[in-house]
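**Q** Just the structure for this:
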Amino acid sequence: MRPYLAIIVDSFREALSSRVLWILLALITVLLLALLPLGWQRPLTYRLGPGDIRRMSEFQQTLAKGETRVAKTPTKHIWDKLPEGLQSKLKQADSNRSLQLELANELTSLLEQDDFFDAEYWKNVNLEDEAAKLRDQGVSQLNEEQRRLFHRLVLAAAYPRFIRQTPSQSVLPTYLGYDIGFPFPLTDSQLEEAVDAFVAVFMYGLVGVIGLLVAILVTSFIIPNTFDSGSLYLLLSKPISRPFLYLAKFIGGCTFVFLNAAYLILGLWLLMGLRHGIWNHRVLLCIPLYVFIFAIYYSVSGLAGLIWRNTVVCIAVTVVMWAICWAIGTAKGIVDLWVVMPNQVVQVMEDQDQVFASTNSGTVFRRDQQGEWNEVFANVDSGPAPPFVNTRIGTIYDSVNRRMVMVQNNWSSPSLWVATSEDDWTGISKGNAPSGVQGLLNDADGRVILITRNEISRLVDQFEPENKLVEALQWLPLPNMNQMTQAIPLSPKPDRISTAAFDSDNQRILIWDGKTLSTYEQQDANYRLATEKNWSPDETDIVLAAGHGHAILATEQGQVAVLQTDTLELVTEHTYPDDQPRFAKASPNGDYGAVLFHSGRLVVLDLKTGTPALSSIVPRQHNVTAIEFNDQQQLVMVRTGKRIETYDLGNKSRIEADSLPYSVGENVARFGLDPVYKIFPKPGKVQDTISYVLTGKKTARIDDRGGLQAVQIEVDPWEPIWHGAVFIAVMLTVSSLYIYRQDF
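**A** Numbering: from 1, shown residues only. Predicted coordinates for the structure are as follows:
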């Protein structure tokens, strides 16, 4: 063993003699010193950007009404304070980005004025907790920063549909104490996630790409120089093994890189802890991960050095290998994002002889009596959006009226579309949808329910004829929303509705507002608050389902709970911390509930006992993309995005299987790109491993619309590790066999 340790030490002597190690250590020190003055401040949020103003056309019309108002309202107060030039622009019909920016800047200036808040003008505005606390302290007693925050909060309270609510604190990047950017509204948890994301990008961009290239360059001479004739004869004169000689040199190169990586990453860790108080010990795990990525490429460089014994050739071969891996990985990512994921089925709807399947992109297919799948709403243009972004809200089946309903979320305003068998399942526009629709679901009878921020409405069975359209706006004919929907009276009316579910057994509505779960019980024609339970101190997204007296709730932190809907008492609770839920379903009879996670994991629970069920009935509960319980209490699931399987829970057997056809692009990916991708190593995917180590998340959202049900990219953080380890083992074995059989 001592001769091989001497060979490893000799690798460092070569680096020291060439001053490579000293140069790298000096460059790393300069980088750490350059990062030392980088910091941030936490000012209170009050500024408005153009992105903080929503529905600009409606907002400018609302503000313009202040010109004729006599009563003291926020609209009157703000309008009188706006400059005449901006008033003239707002009274015009056209709205554009520049006008939105100008209005945001002017409103920000108004928020900075001490007299912006006048209690007489805001007396009819309901202030939320934070704004109410600041008001109770006395507006005149607030410091300048608190007063500006208070003004922003009262503005958002007066116009909740138009002013985006943001966290009360922002992050302002600084360098040497000077501001170097704009404040970004972030909560403490969001700031922590942002820091983790920045570190992950930094590790991959600077350390994993630039640092890796430098490491390959400075170690490329080790193997060729070792097996040069003069050096090799001297080494082979000792009683050592040729393969072990090569492996010792390989370990020496990796150890050299390990010391440099440890110095850099340990320095970053100390910098984050001492400078910003963030002691993220997971950062240190990036050291072995970075060395592992280097070992993948160094195994190629080492084999090239054995064969050609030329430093330049080693570098060239390694760069070619890097290019091949990058090209294959990039092609795989593009095809998955633009071809495979958009066509995955994520929703199945059944009604008697009708079977519908909806994909990630919002495309809906219907299976006819011949078993052929045909597109529904084929004539509806989704607008200028990439295929992996679903611009449709829904789609959902109305079993009472036997029609498909969906909301097309256009750039201007959402529109309501309906498709029926009488129209050959062609989409028919019914005009603009109610403003602020964020979800559709079925009530206990099967009718379609529209969820807005603070209201639940039932879609009417029959729409008014087109000749009864009313002039909702002076220049734009819109159907009267009261003729399209009927609001479900809730008392008291919730301030916010994030998601909802219906319990068909006792006619209860479950409503989640971000922190609290509430149940509304039907009394005559109204629904009145029956029970509520605070669930989370911070706002969180959930998926929710209910049926026959039981509910299943899953939070974005991976917490899955089974509740009784009448008392909201907890039956049982499970935790899946490494995953985020996407869908929750409950069988109509309330026997079973299911949660589908973004990773494809399916969890089926007995709702009465809260225990896992169906493991013997439904094998391989993974790679699932959609779940549903039909009226026959049968579990319908979709595997691998295409294969639909139906299980009879009573007889504990699979009774039906079907599959949607694959497109040409999907077949190319399945039979061409995927096999090649499996063979080659995936050093670029180690970035996913680093991200998982730092954040603990296996999924990443590519579209923030739609909450937890929006499309997320699911990754296996350990896949590149296993593939890379096998590749390194193969390359080292080939190199050892080559040197063993080679005559020098």
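**Q** make it CA atoms for all contacts and neighbour counts henceforth
**A** Fine.
**Q** what's the weakest-modelled helix or strand in the protein?
**A** helix 229-236 (a mean of 53; mean pLDDT, DSSP states H and E).
**Q** Name the nearest residue to the residue nearest in space to the middle of the chain, ignoring sequence neighbours.
**A** Central residue check for the chain by CA atoms, centre = their mean: the C-alpha nearest the mean position is that of R701, 1.7 Å away. Spatially, and ignoring its direct neighbours in sequence, R701 is nearest to Q712 (4.3 Å; CA to CA, 6 or more residues apart in numbering).
**Q** And the one you found, what's its pLDDT?
**A** Predicted confidence (pLDDT) at Q712: the value is 81.
**Q** Residue numbering should commence at 210 henceforth.
**A** Sounds good: first residue 210 from here, last item Q921.
**Q** show me what contacts it?
**A** Going by CA atoms under 8 Å, 6 or more residues apart in numbering, Q921 touches 807, 908-912.
**Q** swap in E778?
**A** For E778, the contact set (CA under 8 Å, 6+ apart) comprises L772.
**Q** Would you mind measuring from it to I637?
**A** Here E778 is placed at a distance of 44 Å from I637 (CA to CA, to the nearest Å).
**Q** same thing with L426?
**A** 63 Å.
**Q** Show me where the stretch 610-759 of the chain has its strands.
**A** 612-618, 623-628, 637-641, 648-651, 657-660, 665-668, 694-696, 699-700, 708-712, 717-721, 725-732, 735-743, 751-756, 759-764 (DSSP state E, counting those that start in this stretch).
**Q** out of the ones you listed, nearest to G571?
**A** Closest approach to G571 among the strands of the stretch 610-759 of the chain (CA to CA): strand 612-618, 9.5 Å.
**Q** what's the closest non-adjacent residue to Q374?
**A** Leaving aside its chain neighbours, Q374 sits nearest to A365 (6.5 Å; criterion: CA to CA, 6+ apart).
**Q** try L291
**A** E315 (7.4 Å).
**Q** and the longest helix seen in the chain, how far from the chain's centre?
**A** Secondary structure assigned by DSSP state H gives helix 451-485 as the longest helix of the chain. A distance of 33 Å separates the centroid of the chain from that of helix 451-485, by CA atoms, centre = their mean, to the nearest Å.
**Q** about what we covered before: show me what contacts the residue nearest to the centre of the chain?
**A** R910 sits next to 919-922 when contact means CA under 8 Å, 6+ apart.
**Q** Pull the contacting residues for A628.
**A** 585-586, 612-614, 634-637 are the contacts of A628 under CA under 8 Å, 6+ apart.
**Q** Which of these are buried, as a PyMOL select command?
**A** Listed next is the PyMOL selection for buried residues among these, using 16 or more other CA atoms under 10 Å:
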select buried, resi 585+586+612+613+614+634+635+636+637
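**Q** Compute the number of surrounding residues for L946.
**A** 13 (other CA atoms under 10 Å).
**Q** next one: the one 4 residues further on
**A** Using other CA under 10 Å, R950 has 9 neighbouring residues.
**Q** can you check A341 too?
**A** Neighbour count of A341, defined by other CA under 10 Å: 14.
**Q** the helices in the stretch 260-409 of the chain, which residues?
**A** In the stretch 260-409 of the chain, the helices defined using DSSP state H, counting those that start in this stretch lie at 265-273, 283-290, 293-300, 306-320, 338-346, 353-367, 397-411.
**Q** before we move on, the earlier item: would you quantify the distance from the residue nearest to the centre of the chain to E923?
**A** Distance from R910 to E923, counting by CA to CA: 9 Å.
**Q** Next: Q896.
**A** For Q896, the distance to E923 - CA to CA - is 13 Å.
**Q** neighbour-wise, which of the two wins?
**A** Neighbours per residue (other CA under 10 Å) separate Q896 from E923, with Q896 holding more: 23 against 17.
**Q** For the helix or strand that that one is a member of, enumerate the helices and strands it packs against.
**A** Using DSSP states H and E, Q896 sits in helix 895-904. Packing partners of helix 895-904 (3 or more CA pairs under 8 Å, 6 or more residues apart in numbering; DSSP states H and E): helix 397-411, helix 495-517, helix 928-950.
**Q** That one: what's the following helix or strand?
**A** In N-to-C order, the element after helix 895-904 by DSSP H and E is strand 908-910.
**Q** Now do the next helix or strand after that following strand: distance to the chain's middle.
**A** Sequence-wise, the next helix or strand downstream of strand 908-910 (DSSP H and E) is strand 921-923. Remark: strand 921-923 is offset 7 Å from the chain centroid, using CA atoms, centre = their mean.
**Q** Each with direction, which strands does strand 921-923 pair with?
**A** Strand 921-923 pairs in its sheet with strand 908-910 (antiparallel), by DSSP bridges.
**Q** Let me see the mean pLDDT of the partner strand.
**A** Taken as a whole, strand 908-910 carries a mean pLDDT of 72.
**Q** repeat for stretch 336-356
**A** 86.
**Q** which of the residues in it are buried?
**A** Residues of stretch 336-356 classed as buried by neighbour count (16+ other CA under 10 Å): 336, 340, 343-344, 348, 355-356.
**Q** All good on my end, thank you.
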